[in-house]
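*Asks:* sequence plus predicted model, see below.
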Amino acid sequence: MDIFGKALKDYFEGNYTEDIINNTNITEDDVLPLPYLFRNYSEMPPLEQKALDLAFGKVLDIGCCAGSHSLYLQEKGLDVTALDISEGAIEVCKKRGIRNAVCSPINDFLGEKFDTLLLMMNGIGICQYLDLLPKTLSHLVGLLNDNGQILLDSSDIRYVYPEDVLDSLDYYYGEVDFQISYKNETGEPFPWVYIDFETLVKCCDSLNLKCEKIKEGEHYDYLAKISK
């Protein structure tokens with residue numbers, strides 16, 4: 001069920017009546033407004049703006065959604081590839097004018113090299129579980145040119161848990177089960193992971209990668225740059 005794709009197409013085609021609802025195993029239902037997914041640069045949070053300012057060369061926008069980041073970078077003159085697993089999202093990206101938009105899981109995307117990999121809106125969560133982070137980063141690094149960079153934002157969600165609950169968890173506290181709904185459809189639950197910066201650094205160290213905190217957000221979030 002391409003729920004995201006259906007919602008994006010509805011908004012783009014002028015059929016906007018409802019927003020996406022996010023449900024997780026640790027929070028109450030949260031509304032994701034569709035207009036937010038079509039934001040321009042001035043409407044983006046500072047972490048995203050900073051990432052776009054740092055992007056250079058040939059760019060791969062992983063989990064591009066409606067393509068707002070890709071479109072901005074393309075208009076700046078960069079060579080951008082927008083990538084998403086949602087067919088509807090890629091259809092919208094193309095209709096918005098993004099010249100190179102590809103529907104594929106990142107793990108199946110091979111054969112090209114990039115100067116900048118962009119993973120916004122906690123895009124590194126695509127690894128699903130902390131144990132899979134080294135494998136995911138190794139694959140991403142394999143897509144980089146020698147002087148390339150990975151720009152990602154994530155959050156430390158420790159604040160969500162009471163301290164006694166946090167101490168009793170038998171899994172990494174950033175691992176979350178998501179389920180999204182739109183109109184009368186609800187998708188299957190899927191795993192996602194938020195990674196605190198110290199844990200990200202430790203993983204990068206184990207892979208002989210450099211990890212820098214570029215900017216901190218206002219609510220336990222951060223922008224990181226990873227390079228060889």
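*Replies:* Now that the structure is in, tell me what you want to look at.
*Asks:* let me see the contact set for the spatially most central residue of the chain.
*Replies:* Averaging the C-alpha coordinates of the chain gives a centre point, and the residue nearest to it by CA atoms, centre = their mean is G123 (2.0 Å). Applying CB atoms under 8 Å, 6 or more residues apart in numbering, one finds that G123 lies in contact with 62-63, 152-153. Yep, even glycine has a C-beta here, placed from its N, CA and C like the rest.
*Asks:* and with 6 Å instead?
*Replies:* By CB atoms under 6 Å, 6 or more residues apart in numbering, the residues touching G123 are 62-63, 152.
*Asks:* report pLDDT for D29.
*Replies:* You'll see D29 listed with a pLDDT of 92.
*Asks:* so where do the strands sit in the protein?
*Replies:* Applying DSSP state E to the chain gives strands spanning 20-24, 30-32, 58-62, 79-84, 101-103, 114-119, 144-155, 175-182, 185-186, 190-193, 210-216, 221-227.
*Asks:* possible to save those strands as CSV with distance to V201 and mean neighbour count?
*Replies:* Formatted as CSV, the entries for the strands of the chain read as follows, by distance: least, CB to CB, whole Å; neighbours: other CB atoms under 10 Å:
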stretch, distance to V201, mean neighbour count
strand 20-24, 25, 17
strand 30-32, 28, 12
strand 58-62, 21, 25
strand 79-84, 26, 24
strand 101-103, 31, 18
strand 114-119, 16, 23
strand 144-155, 12, 20
strand 175-182, 18, 18
strand 185-186, 37, 13
strand 190-193, 16, 17
strand 210-216, 5, 15
strand 221-227, 9, 20
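*Asks:* what is the burial count for the closest residue in space to the residue nearest to the centre of the chain that isn't next to it in sequence?
*Replies:* Spatial nearest neighbour of G123, excluding adjacent residues (CB to CB, 6 or more residues apart in numbering): G63 at 4.5 Å. Counted with other CB atoms under 10 Å, the burial measure for G63 works out to 21 neighbours.
*Asks:* mind listing what's buried in the worst-scoring helix or strand of the chain on mean pLDDT?
*Replies:* Within the chain, confidence by mean pLDDT, DSSP states H and E is lowest for helix 163-168 among all helices and strands, at a mean of 90. The neighbour-count criterion (16 or more other CB atoms under 10 Å) identifies no buried residues in helix 163-168.
*Asks:* show me what it is packed up against.
*Replies:* The contact analysis (3 or more CB pairs under 6 Å, 6 or more residues apart in numbering; DSSP states H and E) places helix 163-168 against no helix or strand.
*Asks:* contact partners of it?
*Replies:* Y173.
*Asks:* go again with 8 Å.
*Replies:* For helix 163-168, contacts defined as CB under 8 Å, 6+ apart pick out 158, 173.
*Asks:* can you give the distance of it from its chain's centre?
*Replies:* The chain centroid and the centroid of helix 163-168 are separated by 28 Å under CA atoms, centre = their mean, to the nearest Å.
*Asks:* stretch 81-99 too?
*Replies:* Offset of stretch 81-99 from its chain centre (CA atoms, centre = their mean): 15 Å.
*Asks:* pLDDT score assigned to G111?
*Replies:* According to the prediction, G111 has pLDDT 89.
*Asks:* and what of D53?
*Replies:* Looking at D53, the pLDDT reads 98.
*Asks:* what do you get for A101?
*Replies:* According to the model, A101 scores 98 on pLDDT.
*Asks:* next one: D10
*Replies:* Among the per-residue scores, D10 holds a pLDDT of 98.
*Asks:* gap between the nearest residue to it once chain neighbours are set aside and E198?
*Replies:* Excluding its sequence neighbours, the residue lying closest to D10 (CB to CB, 6+ apart) is Y16, at 6.1 Å. The span separating Y16 from E198 equals 40 Å under the rule CB to CB, to the nearest Å.
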